[in-house]
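Asker: Quick check, what structure comes out for this input:
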Amino acid sequence: MNIQNITNKLDAYERLMRLDKPIGILLLLWPTLWALLIAGHGKPDWIIVLIFVTGTVLMRSAGCVMNDIADSKFDGLVERTKNRPLATQEVSKKEAYILTLVLSFVAFGLVCTLNALTIKLSFIALLLAATYPLTKRFFVIPQAYLGIAFGAGIPMAFAAITGEIPTEAWILLLANVFWAIAYDTEYAIVDRDDDLKIGIKSSAITFGRFDVLAVMACYAITLLLLAIVGARLAFSYAYYGGLIIAATIAAFDYYLIQTRNKAKCFQAFLHNTWFGFVVFAGLATQYLIQYNS
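Answerer: Have a look, this model is predicted:
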């Protein structure tokens, strides 16, 4: 194999793991960082933070490969996914399985440096990541399952830092479920015609003409649950300021998705990294003020 072939293969692996599209990593990372900040009272162990950030990248990459293996019969039929490496046979299924195993084992190696509860939870996280692609065959709102899978880092973060999973962790996880339904429905609107054609389930199909209303309701519930977390932890104006900015981002998303224009719906989906960031920024500011007052 010459240098050009090696370069092409590495490029195919990169696209298979979606490393060229970091939005998925960020949507997975922000709720984990929320949890790490809260669990560590604003000062989490930076070694643990590094483990979780690296593990997030690895498991999101592994999840993308698992997803493409499960969807290999469908991706070639969908405009947005027809050029994925498995669909174009740039990467074989055998290579994809090996890549999934390598990524998962490296991630598990990192988790093994943490406590027993976190290690136990990692098996549940792996199961969720592996089974999510299958839910699109039978579950009418697979985005809810995605929210649980993408939120698995929340209880793991609390377990790693505190050795337990408090009520706030479960409220954060529930908030992440509704947030995932909101942003992934925006994404699903883009694919609705193709999903109907090939028989894939999605929230955009299930909600039908109420899809925009459902998205905004999910944003509202997300913000309410995050506000409840703030109230339980006696947070002040800094944290709620972050939630207000997040609400403004959600309101702008309504402006974008109300006509169901595919390009604008995808743009709204991408905005959610800023939603996650401003919640994180509000948390960080809250603890900064707290420790300097």
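Asker: Every contact and neighbour count from this point should use C-alpha atoms.
Answerer: Fine.
Asker: just so I have it, where are all the helices in the stretch 101-250 of the chain?
Answerer: Per DSSP state H, counting those that start in this stretch, the stretch 101-250 of the chain carries helices over the ranges 116-135, 142-150, 153-162, 167-198, 203-207, 211-232, 237-257.
Asker: So what touches the shortest one?
Answerer: With Cα atoms under 8 Å, 6 or more residues apart in numbering as the contact definition, helix 203-207 has outside contacts at 140-143, 181, 185-186, 188-189, 192, 196, 211, 214.
Asker: which stretches of the stretch 1-150 of the chain have low pLDDT?
Answerer: Applying pLDDT under 70 to the stretch 1-150 of the chain flags the ranges 1-2, 74-79.
Asker: Can you give me the neighbour number for Val278?
Answerer: Val278: 22 surrounding residues under other Cα atoms under 10 Å.
Asker: for the host helix or strand of it, packing partners?
Answerer: Remark: Val278 resides in helix 262-291, with elements defined by DSSP states H and E. In this structure, helix 262-291 packs against helix 23-39, helix 167-198, helix 237-257, with contacts taken as 3 or more Cα pairs under 8 Å, 6 or more residues apart in numbering; DSSP states H and E.
Asker: so which of the helices of the stretch 101-250 of the chain is the most packed in?
Answerer: Among the helices of the stretch 101-250 of the chain, helix 153-162 has the highest mean neighbour count (mean count of other Cα atoms under 10 Å), at a mean of 25.
Asker: by how many degrees do it and helix 167-198 diverge?
Answerer: 150 degrees (axes from the mean of the first three to the mean of the last three Cα atoms, to 10 degrees).
Asker: Let me see the residues that make contact with helix 153-162.
Answerer: With Cα under 8 Å, 6+ apart as the test, helix 153-162 has contacts from 31-32, 34-36, 39-40, 44-45, 48, 52, 114-115, 117-118, 121-122, 125, 164-166, 169-170, 172-173.
Asker: Among the helices of the stretch 101-250 of the chain, which comes closest to Asp68?
Answerer: helix 116-135 (8.4 Å; Cα to Cα).
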